[in-house]
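Q: Have a look at this prediction, sequence included:
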Number of protein chains: 2
Amino acid sequence: MSTLHHYPLCPQSRFVRLALAELGLAAELVEERPWERRAEFLALDPTGQTPILVEGALVVPGPATIAEWLDETSGAGAGERRLMPEDPAARVEVRRLMSWFLGKFYDEVTSYLVNEKIYKRFVPPASGGGPPDMASIRAARANVRYHLRYVGFLAARRNFLAGDRLTYADLAAAAHISCVDYLGDAPWAEDEHAKTWYARVKSRPSMRALLADRVPGMAPADSYADLDF
Amino acid sequence: MSTLHHYPLCPQSRFVRLALAELGLAAELVEERPWERRAEFLALDPTGQTPILVEGALVVPGPATIAEWLDETSGAGAGERRLMPEDPAARVEVRRLMSWFLGKFYDEVTSYLVNEKIYKRFVPPASGGGPPDMASIRAARANVRYHLRYVGFLAARRNFLAGDRLTYADLAAAAHISCVDYLGDAPWAEDEHAKTWYARVKSRPSMRALLADRVPGMAPADSYADLDF
């Protein structure tokens, strides 16, 4: 069985957990606290970032590389559950949106929120830990509004974000938004289409394990695990 | 014919120009100044970032998505010039390193240098233009040292960065390092293996057009176009 090194509130790890669950693949979950920079973890991959999937001797690091690996090794056998289309032009749209959420959304929203609100609570002050930087949190809260409107823009025109079927694009968006929601920073009044799309993804069985995650000493927002938020 | 919207000193655009040249694919180059945020350019892709490849009605944005698209549509016919291996595990290594250079190297080195030294010269002061921020440049100059050592570490053990053959990993690294070199910030004394690897890539015909690029009013460093730097 493969092993996923992850952190429960790391949005990139959540993306891979959703992908594994949607594809019906089992993996042993090992919780990694990336801020501890554990030598054995750094030896797996020098970025020192979650998630990392280990399959036997093969180390597959990073959310997009893991997604491509899973599609290349399990996609064809997944039938209707496959998370990438077969048509190259349709794959462009899935990759464009994967990159949007795993890259741009992370840089502009989730990296700020997760670093400031969660990771900095566990990091010693000498290494950059301490109280959250409110300017970063305010920036993330401003940025998440236009991102939710973009999700709504897509969801108003399509059944799922990249087209007719559930793909990696939806899982990337849902993984990141779920972290924002846990932290109480998802402005659900911003866009009705975005909210309706998220309610649909949130009710999928693949989301259950994520909705049960808890950070010690930090309860999720009321909307977090509520399917009728 | 396809069209590549690029900026000459944008490292992500250079990566795609190298890939097109190595694959023997022609594309019309259209210079885009991303800091102008031209409406027609933003309409192609909402990130507003170069590079964007346009093939007929299809818009393929972003360096990694373009690389995957080119491999899916032209890789099989490229024979020995193909830039991705066929084996899924070997593809993991290429994608890991593509992501390292297009992501981590960009965030830690090239985005600072290109923004501070080039883009800010053309942006009006009210929009964030002006003299370079020396703290950002110092950070980039410190970071590029360990990145070059990592290139050297790989090049000492392998023929090319991801294995025996030239792949997207080499092109991503060379594209980014070429921008650093243009700006005179490549510490070539840092690692002999990195330098030898770069000299080999630099002498490839695909590099010629890049080595002829000039930013108006900003001459490249002496080492830039010298094959025996």
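A: Received the coordinates, thanks. The shown structure was predicted, so the numbers you read here are calculated from the model rather than taken from an experiment.
Q: starting at the chain centroid, how far to the lowest-mean-pLDDT helix or strand in chain A?
A: The helix or strand of chain A with the lowest confidence, counting by mean pLDDT, DSSP states H and E, is helix A:120-122 at a mean of 93. How far helix A:120-122 lies from its chain's middle: 20 Å, per CA atoms, centre = their mean, to the nearest Å.
Q: Quick check: buried residues in that helix?
A: For helix A:120-122, burial by neighbour count (16 or more other CB atoms under 10 Å in any protein chain shown) applies to A:120, A:121. (Each C-beta comes from the backbone N, C-alpha and C, glycine too.)
Q: And stretch A:13-26, by the same measure?
A: For stretch A:13-26, by 16+ other CB under 10 Å, it's A:13, A:14, A:15, A:16, A:17, A:18, A:19, A:20, A:21, A:22, A:23, A:25.
Q: Show me those residues that map onto strands.
A: If you go by DSSP state E, the buried residues of stretch A:13-26 have nothing in strands.
Q: same for the helix or strand hosting residue A:173, what does it pack against?
A: Residue A:173 is part of helix A:168-182, with elements assigned from DSSP states H and E. In terms of contacts (3 or more CB pairs under 8 Å, 6 or more residues apart in numbering or on different chains; DSSP states H and E), helix A:168-182 is packed against helix A:11-23, helix A:88-99, helix A:111-114, helix A:134-157, helix A:192-202, helix A:208-211.
Q: Most tightly packed of those?
A: helix A:11-23 (a mean of 24; mean count of other CB atoms under 10 Å in any protein chain shown).
Q: I'd say residue A:55 and residue A:20 touch.
A: No: Residue A:55 is beyond contact range of residue A:20, at 11.7 Å (criterion: CB atoms under 8 Å).
Q: quick revisit: list the buried residues of the helix holding residue A:173.
A: Of the residues in helix A:168-182, those buried (16+ other CB under 10 Å) are A:168-182.
Q: tell me the domain boundaries of chain A?
A: Chain A breaks down by automatic domain parsing into domains covering A:2-81, A:88-211.
Q: Run through who's touching the least confident helix or strand of chain A.
A: Helix A:120-122 is touched from outside by A:33, A:35, A:128, A:129, A:130, A:131, A:132, A:217, A:218, with contacts defined as CB atoms under 8 Å, 6 or more residues apart in numbering or on different chains.
Q: mind listing which of those residues are in strands?
A: Among the contacts of helix A:120-122, no member lies in strands (by DSSP E).
Q: Can you name the residues of chain A that neighbour chain B?
A: Counting by CB under 8 Å from any CB of the partner chain, the residues of chain A close to chain B are A:45-47, A:58-62, A:64-65, A:68-69, A:72-73, A:88-89, A:91-92, A:95-96, A:99-100, A:103-104, A:150.
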